[in-house]
Each structure stands twice: as structure tokens, then as C-alpha cells.
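>>> Sharing a model that was predicted from the sequence below.
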Amino acid sequence: AGSPPWATCPVSGEVMTDPVLCSADGRSYDRSSVARVRLILAGCEYPLPSPADPGVVIETPAAVTFTANGNLKDAIDQYANAMRLQEETVAVVRGAQHHLANAAPHCEVAPHLD
């Protein structure tokens, strides 16, 4: 299964490891993609109205800030841990099934006592 869209950087397409919130559009990007986002924003015409608040105008790309998105990072970490636990559980169950399947022919069945 692929990663959920909310955990994926819209620029890199990879799961974010250090999400930051962009003041220009209110979206989160991975910190490793910030330079690319700045280049994209540099190609925009300014002043640029903020999508989050049309009353706020971004005058220049320099006015764009990126701040850590700790809540999103926590959610991504929790999701990753849950997926890892699920994979480990599946591996344990498969191992037990394999062990039982291989052991069954060698087991002696106790006679039924009436």
C-alpha cells in the first residue's frame, strides 16, 4: 500500500520526514523541498494574494516563510509506527503458520482414550 496523501510532499512525492508549513499557500512540504518551492514561488507574479486569507498579500517571495509542522510530523511518525507494527505482526503470524505446517506431519497424535 502506498503512503497516504497527507503524509506525502507535493513536490518530491516522498513521505515527509521533516514537514514545514509554507506561509504562502498553507500547505506542508518536506524541508528538503523548500529550495524547490522557493524557485516555484519565484516564478509567480507578485503581489500574490494568500490562498488561506485573501486579505493578506504576499509582496515578494522573500516574505514567504516556512515553519516546522510538528503536528503533521507526529501524525506521520504514528502512521509509520503502526505500519511497521502491522508488518511485524504479519511476519510473526506467517512464521507460526509455516512452523505449524512443517511440524504437523511429524507430530504423533495421542490415542483417544475412552
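Yep, that arrived.
>>> All the strands of the chain, residue numbers only.
Using DSSP state E, the strands of the chain run over 19-22, 28-30, 48-49, 57-58, 66-68.
>>> Quick one: mean pLDDT for the first one?
Confidence over strand 19-22, taken as the mean pLDDT, stands at 94.
>>> strand partners of that strand, parallel vs antiparallel please.
strand 28-30 (antiparallel), strand 66-68 (antiparallel) (DSSP bridges).
>>> need the least confident one among the strands of the chain, by mean pLDDT.
Taking the mean pLDDT of those, strand 48-49 comes last: a mean of 70.
>>> And the longest helix anywhere in the chain, what does it pack against?
Longest helix in the chain, counting residues (DSSP state H): helix 70-103. Helices and strands touching helix 70-103, as assessed by 3 or more C-beta pairs under 8 Å, 6 or more residues apart in numbering; DSSP states H and E, comprise strand 19-22. C-beta coordinates here come from the backbone N, C-alpha and C atoms, glycine included.
>>> what separates the strand it packs on from the chain centre, distance-wise?
Relative to its parent chain, strand 19-22 has a centroid offset of 13 Å by C-alpha atoms, centre = their mean, to the nearest Å.
>>> So what touches it?
Outside strand 19-22, the residues that touch it by C-beta atoms under 8 Å, 6 or more residues apart in numbering are 9, 27-31, 34, 37, 64-69, 72-73, 76.
>>> quick one: low-confidence parts of this protein?
1, 49-54, 103-114 (pLDDT under 70).
>>> can I get the strands of the chain in JSON lines with distance to Q97 and mean neighbour count?
Shown next, in JSON lines, are the strands of the chain (distance: least, C-beta to C-beta, whole Å; neighbours: other C-beta atoms under 10 Å):
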{"stretch": "strand 19-22", "distance to Q97": "39", "mean neighbour count": "21"}
{"stretch": "strand 28-30", "distance to Q97": "39", "mean neighbour count": "22"}
{"stretch": "strand 48-49", "distance to Q97": "58", "mean neighbour count": "14"}
{"stretch": "strand 57-58", "distance to Q97": "58", "mean neighbour count": "15"}
{"stretch": "strand 66-68", "distance to Q97": "44", "mean neighbour count": "14"}
